[in-house]
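Participant: Give me a model of this one.
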Amino acid sequence: MDNTIKRVNYFLLACCLLAIGNNTVMGQEQRQLTLDSAIALSLSESKELKISDSKVRGALAAVREAKDNRLPDIDISGQYLRVNKPNLNIKLESDDSDGDSGEGDSGSSTPEVNQVMFGMASASLPIFAGGTINNGIASAKFLEKATSLDAERDRQQVIQNTVEAYYNLYKAQAAVKLVKENLKSSQQRVKDFSNMEANGLVARNDLLKVQLQESNLELSLLTAENSEKIANYNFNLMLGLEETTVLALDTTGLKTAELNRGLSDWEELALSNRADYKALSQRQEAANAGVKIAKGAYYPSLALSAGYVAANIPHALTVTNAVNAGVGLSYNLGALYKAGAKIKQAQAKEEQLTWGHEQLSDDIKSEIHKAYQDYNQNLKKIQVYEKAVEQANENYRITKNKYDNSLATTTDLLDADVARLQSGIDYEYAKADAVVAYNKLFESAGVNVGE
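Facilitator: Now for the predicted structure:
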């Protein structure tokens with residue numbers, strides 16, 4: 001009876017554990033993910049690109065604002081006033097010979113005024129303002145183009161960040177896979193050595209060595225799995241996916257290609273295509289327009305003007321149909337000695353952008369040179385590590401044969417196994433790094449991969 005109860009309890013416990021395990025697996029959605037789909041998701045979810053889009057809309061609004069300065073200014077105003085009855089003492093001298101003062105003349109009286117109403121409308125259309133309006137429009141357009149180019153550069157950087165994150169996760173998953181395979185072999189070796197030690201075929205010390213290697217591999221697996229989880233989590237955040245989504249990567253695109261351009265060709269390509277380089281050129285043009293705007297203070301302003309006035313003072317005055325139109329000319333004489341400082345500021349800004357443009361040119365060349373050398377280095381690494389994998393596997397096979405024939409020690413066997421694992425990890429890392437470096441070279445040149 002007791003055995004039956006125990007079996008039932010064990011069965012219920014197993015069911016509970018199975019249910020918990022199933023819930024855990026079901027809580028983690030697995031998603032197949034290609035590099036192209038990852039890039040599309042990152043572009044749609046990028047907060048940086050949303051900020052860039054807002055900046056572009058703001059720049060377009062600035063262009064519209066600059067163009068609106070060509071439109072007439074129209075002002076309309078009106079007032080209604082209540083007034084009291086003022087005390088008036090009007091004394092007028094008279095040349096009449098009869099000496100009449102007129103104090104008793106009842107024919108002259110002051111009208112009673114208790115309210116005043118008047119309204120005005122005026123319009124002014126600028127004809128010439130020293131070129132400030134046209135140059136202001138040109139400056140706004142240049143800055144709008146620069147902002148759009150900044151957004152394009154941000155987009156290229158988001159794509160590169162996605163490529164790096166994609167293959168960073170690939171490296172983490174590859175490391176977990178290789179360590180698991182090696183750990184499985186190590187666990188089998190521990191079983192074999194335990195049996196041989198029990199039969200007196202190997203020393204206790206040799207068994208401890210293989211057990212120590214197993215423990216080290218278990219620690220390595222924990223570290224690799226932790227790195228994989230962190231990379232997977234961060235990538236989910238970048239792509240706007242559920243944090244618990246397990247990403248299964250498509251590694252068919254893990255290929256390299258030989259470069260069909262020389263270093264100087266890549267530099268020329270970058271200087272003609274980099275969005276940030278072209279954006280700085282647009283800002284130079286805007287700064288040049290800013291100098292012209294500052295110099296516009298030296299010129300007079302000419303504008304067409306028109307107006308209308310209406311007034312009504314009951315019992316005293318009524319004004320209607322008072323229309324005026326003409327041309328107005330104004331000249332700020334103070335600008336002759338005040339505008340100089342603003343012009344120098346605008347010229348200094350233009351000079352800063354000129355030097356900044358040259359500095360960016362040097363930085364781009366340096367970045368291209370580094371990306372070019374990094375990719376070539378990674379191609380060579382792949383060749384070296386590919387040979388290293390073959391050598392490590394062959395070395396382990398020979399060492400294993402020697403050990404089986406008592407010609408090699410347990411330490412030799414374990415060292416060969418560690419070298420085999422490390423060479424496999426290095427080879428997978430080199431392949432991923434080469435793809436990232438390949439994309440980085442194109443991103444540094446400001447063009448899409450394959451162009």
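Participant: CA only for contacts and neighbour counts going forward, please
Facilitator: Fine.
Participant: Do a quick rundown of the strands in the stretch 251-400 of the chain.
Facilitator: Per DSSP state E, counting those that start in this stretch, the stretch 251-400 of the chain carries strands over the ranges 301-313, 317-330.
Participant: Mean neighbour count, those: which tops it?
Facilitator: strand 301-313 (a mean of 17; mean count of other C-alpha atoms under 10 Å).
Participant: Send me that one as PDB with only the CA atoms.
Facilitator: Provided in PDB are the C-alpha atoms of strand 301-313 (Å, rounded to 0.1, in the frame of the first residue of the first chain):
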ATOM      1  CA  SER A 301      14.200  98.700 -47.000                       C
ATOM      2  CA  LEU A 302      11.400  99.500 -49.500                       C
ATOM      3  CA  ALA A 303       7.800  98.400 -49.100                       C
ATOM      4  CA  LEU A 304       4.400  99.100 -50.500                       C
ATOM      5  CA  SER A 305       1.900 100.200 -47.900                       C
ATOM      6  CA  ALA A 306      -1.900 100.800 -47.700                       C
ATOM      7  CA  GLY A 307      -4.300 101.700 -45.000                       C
ATOM      8  CA  TYR A 308      -7.800 102.500 -44.000                       C
ATOM      9  CA  VAL A 309      -9.100 104.600 -41.100                       C
ATOM     10  CA  ALA A 310     -12.600 105.000 -39.700                       C
ATOM     11  CA  ALA A 311     -13.700 107.000 -36.700                       C
ATOM     12  CA  ASN A 312     -17.000 108.000 -35.000                       C
ATOM     13  CA  ILE A 313     -17.300 110.600 -32.200                       C
END
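Participant: same for that strand, what does it pack against?
Facilitator: strand 115-128, strand 317-330 (3 or more C-alpha pairs under 8 Å, 6 or more residues apart in numbering; DSSP states H and E).
Participant: okay if I get the strands of the stretch 251-400 of the chain as a markdown table plus distance to N195?
Facilitator: Below are those laid out as a markdown table (distance: least, C-alpha to C-alpha, whole Å):
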| stretch | distance to N195 |
| --- | --- |
| strand 301-313 | 103 |
| strand 317-330 | 107 |
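Participant: and these as a markdown table, adding mean pLDDT and distance to H369?
Facilitator: Listed next are the strands of the stretch 251-400 of the chain as a markdown table, based on pLDDT from 0 to 100; distance: least, C-alpha to C-alpha, whole Å:
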| stretch | mean pLDDT | distance to H369 |
| --- | --- | --- |
| strand 301-313 | 91 | 53 |
| strand 317-330 | 90 | 57 |
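Participant: so which of those gets nearest I368?
Facilitator: Closest to I368 of these is strand 301-313 (C-alpha to C-alpha; 50.5 Å).
Participant: Now do that closest one and strand 115-128, the angle between them.
Facilitator: 170 degrees (axes from the mean of the first three to the mean of the last three C-alpha atoms, to 10 degrees).
Participant: which stretch among the helices and strands packed on strand 301-313 comes nearest Y438?
Facilitator: strand 115-128 (54.8 Å).
Participant: mind showing which ranges of the stretch 51-200 of the chain have poor pLDDT?
Facilitator: 86-88, 90-111 (pLDDT under 70).
Participant: where along it do the strands fall?
Facilitator: Counting by DSSP E, counting those that start in this stretch, the strands of the stretch 51-200 of the chain are 73-82, 115-128.
Participant: Can you say which of these is packed in most?
Facilitator: strand 115-128 (a mean of 16).
Participant: quick one: low-confidence ranges for the stretch 251-400 of the chain?
Facilitator: 253.
Participant: all helices for it, in order.
Facilitator: With helices called from DSSP state H, counting those that start in this stretch, the stretch 251-400 of the chain shows them at 263-273, 275-295, 335-404.
Participant: could you point out which element follows the last one?
Facilitator: By that I understand helix 335-404. The helix or strand immediately downstream of helix 335-404 is helix 410-445, counting by DSSP states H and E.
Participant: what packs against that following helix?
Facilitator: Partner elements for helix 410-445 (3+ C-alpha pairs under 8 Å, 6+ apart): helix 132-198, helix 204-239, helix 263-273, helix 335-404.
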